[in-house]
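Engineer: coordinates for the following, if possible.
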Amino acid sequence: MGALDEVIHDGDDVALAAVTAAELLVGVELADGARVERRGAFVERLLSDFPVLPYDLAAARAHGRLIAHCRRAGQTRGAHDLLIAATASSTHRTVVTADASGFGELPDVTVRVLPMPRGDLGSATT
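Structural biologist: Numbering: from 1, shown residues only. Below is the predicted model:
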């Protein structure tokens, strides 16, 4: 899968946060006619190859801690980024993303950056 091969290693237990699945599916819905089939096939491959982690009580607890941390620090973060970070934190996984700006300085959140332009993939958790 190209750039993913550079940051995801053989022993990694890769999964997607539910909100990441939604972001990827929105990309398919918004794709123009020439790209919708290719993008849809790529997303469906990801969704069939990797489990999708739910937003459960453990993620909600981590989410609450992350929101409180950001508010105390006077930082604004994207709602989806915090959901992804909470899912990763609650499952002891690493966020893999093309745009690490929404994940920096969050407690108990580790990030690996994809070497690709933002928007081509989104975020996953390993």
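
Engineer: can you pull out the strands in this protein?
Structural biologist: 16-17, 52-53, 94-97, 110-113, 123-125 (DSSP state E).

Engineer: adding mean pLDDT, distance to residue 103 and mean neighbour count, write those out as CSV.
Structural biologist: Glycine gets a C-beta too; all of them are placed from N, C-alpha and C. Shown next, in CSV, are these (pLDDT from 0 to 100; distance: least, CB to CB, whole Å; neighbours: other CB atoms under 10 Å):
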stretch, mean pLDDT, distance to residue 103, mean neighbour count
strand 16-17, 97, 12, 26
strand 52-53, 98, 16, 19
strand 94-97, 94, 5, 24
strand 110-113, 94, 5, 17
strand 123-125, 58, 8, 27
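
Engineer: could these go into TSV alongside distance to residue 43?
Structural biologist: TSV is the format used below for the strands of the chain (distance: least, CB to CB, whole Å):
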stretch	distance to residue 43
strand 16-17	10
strand 52-53	12
strand 94-97	16
strand 110-113	20
strand 123-125	12
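
Engineer: residue 9 is nearest to which of these?
Structural biologist: strand 110-113 (9.8 Å; CB to CB).

Engineer: export that closest one as PDB, just CAs?
Structural biologist: This file holds the C-alpha atoms of strand 110-113, laid out as PDB (Å, rounded to 0.1, in the frame of the first residue of the first chain):
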ATOM      1  CA  THR A 110       1.800   8.100  20.100                       C
ATOM      2  CA  VAL A 111       1.900   9.200  16.400                       C
ATOM      3  CA  ARG A 112       3.600   7.900  13.300                       C
ATOM      4  CA  VAL A 113       3.500  10.200  10.300                       C
END
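
Engineer: neighbouring strands - and their directions - for it?
Structural biologist: strand 94-97 (parallel) (DSSP bridges).
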